[in-house]
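# sequence plus predicted model, see below.
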Amino acid sequence: MTRRRLHIALGILLASCITSAGDRETFVVIVNKSNRFDVLSRARVQYLFLRKVSRWPWGAEVFPIDLETPGTARRDFTSQVLHTTGRELANYWIDQRMTRGVAPPGLVASVADVKALVAATPGAIAYIPPAACDRTVKILRVEQ
């Protein structure tokens with residue numbers, strides 16, 4: 001890859017972490033680099049995190065990962081993508097466990113551990129603060 005192409009690719013990666021008008025998103029959705037999608041709707045991401053589907057179209061098991069520690073990224077992801085609150089989400093998982101035997105997404109303590117798990121798991125999907133973006137994972141653009 002030429003130096004110019006490398007700079008362009010880096011610019012695109014960084015631009016995907018920053019919204020227009022200089023505002024910063026509080027989270028970006030990430031997947032394993034082998035994931036075939038570059039863009040998904042918020043509704044599809046919500047379905048994946050709420051475990052309403054169990055497999056990606058190519059057969060990999062969907063493995064959603066949630067940040068364990070409360071923070072802006074977790075709160076905003078829950079609100080903007082899942083369209084719920086932390087308390088309602090906890091109740092949803094109690095219901096899902098009891099009625100369908102479905103467990104909530106795996107809880108991971110640190111952003112570094114989230115990235116490492118996503119990088120190592122083909123079906124993984126998670127969210128992290130944009131400042132944590134790097135080349136070990138793929139940023140999934142989420143559209144309305």
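Looks like it arrived, so ask away.
# can you give me the strands in this structure?
Secondary structure of the chain by DSSP state E: the strands cover 28-31, 39-41, 63-67, 106-108, 124-128, 138-143.
# could you check how far R141 is from G71?
Noted for R141: a distance of 22 Å to G71, by CB to CB, to the nearest Å. From N, CA and C alone the C-beta is placed, and that goes for glycine too.
# ditto for R51
22 Å.
# give me every residue that touches R42.
Contacts for R42 were tallied using CB atoms under 8 Å, 6 or more residues apart in numbering; they are Q80, V81, V142, E143, Q144.
# between these, which has the most around it?
V142 (21 neighbours; other CB atoms under 10 Å).
# in stretch 88-100, what counts as buried?
L89, Q96 (16 or more other CB atoms under 10 Å).
# hmm, who's touching it?
Against stretch 88-100 from outside (CB under 8 Å, 6+ apart): L50, R51, T78, L82, T84, V102, A103, P104.
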